[in-house]
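A.B. asks: next comes the sequence, and after it the predicted model I'd like to discuss.
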Amino acid sequence: MLGIELVFFVFWVIVNFSFAAKILSMIAANHIGGRLAFIAVGLENDFSPFILIPIIIFYNTTYLFLMYSVFVFLSGKIKKFKLIKDYIESERNKAKKKLLFKRWNRFGISFFVWIPLPWTGAVIGSYIAHLEGYSTKDTLLTILPSMWIGIISWTLWFDELYEFIERFGKGKTMLLTAFLLIVPILISGIGNVVRSNKSRSKK
């Protein structure tokens, strides 16, 4: 799937660079602000929901398979690569923190994946399921439908929201898109500062 994505992206760079740039901006938004930012930037780029939904589903499914594979199957073999090791440990700690609140059943994991808030979603949801002892098959059968339903429902809802906002003036939706991109960065930065202060106070 990753190979197919790369081939398609190279194809669009050659055939239509503007389209490829829009796709790249959406992917960047996804990794900065999450699923809602992915949707918002796609709508800002004038994609219809019926084009946007397959793009988001295909990209996020590929990304889930890649990250879940790294987390589950390769984490013990990549410790010599510090950057990858640090990322895996960071993601594992995020998932472990969420385990402290309750035991996660299938419904809880499905809702966690469906809701599009920062640090929720399919990848962390799959890590939680793995740490809860779910098999790979059970994990994917729980995560994938929840992710796909979430992408479809939130894209359609946001499309309606953006149409409503645009009645008050063209370009007003940019404020919401910027908010969805900036807030996760601010929250992450504040969290890092708080953690840094706590570690210093313990010393």
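C.D. replies: Received it, and whenever you're ready, just let me know what you need.

A.B. asks: if I look at the residue lying closest to residue 44 once chain neighbours are set aside, how far off is residue 135?
C.D. replies: Counting by Cβ to Cβ, 6 or more residues apart in numbering, residue 177 is the residue found nearest to residue 44 once chain neighbours are left out, at 5.4 Å. To be clear about C-beta, it is placed using only N, CA and C from the backbone, and glycine gets the same treatment. As judged by Cβ to Cβ, to the nearest Å, residue 177 and residue 135 stand 39 Å apart.

A.B. asks: more crowded one of these two?
C.D. replies: A direct count of neighbours by other Cβ atoms under 10 Å for residue 177 and residue 135 places residue 177 higher, at 20 against 10.

A.B. asks: remind me what whichever strand or helix holds residue 129 packs against, helices and strands.
C.D. replies: Assigned by DSSP states H and E, residue 129 falls within helix 122-131. On a contact count with 3 or more Cβ pairs under 8 Å, 6 or more residues apart in numbering; DSSP states H and E, helix 122-131 meets helix 49-69, helix 82-99, helix 106-114, helix 136-166.

A.B. asks: mean pLDDT lowest where, among the ones you listed?
C.D. replies: Ranked by mean pLDDT, these bottom out at helix 82-99, which scores a mean of 60.

A.B. asks: rewinding a little: can you show me the CA trace of the helix holding residue 129 as CSV?
C.D. replies: Output of helix 122-131 as CSV, limited to C-alpha atoms (Å, rounded to 0.1, in the frame of the first residue of the first chain):
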residue,chain,number,x,y,z
ALA,A,122,-6.2,4.6,15.0
VAL,A,123,-2.5,4.4,15.7
ILE,A,124,-2.7,5.0,19.5
GLY,A,125,-5.8,2.9,19.6
SER,A,126,-4.0,0.0,18.0
TYR,A,127,-1.2,0.3,20.6
ILE,A,128,-3.7,0.3,23.4
ALA,A,129,-5.4,-2.8,22.0
HIS,A,130,-2.0,-4.5,21.7
LEU,A,131,-1.1,-3.7,25.3
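
A.B. asks: which of the residues in it are buried?
C.D. replies: Neighbour counts using 16 or more other Cβ atoms under 10 Å place 122-130 of helix 122-131 among the buried residues.
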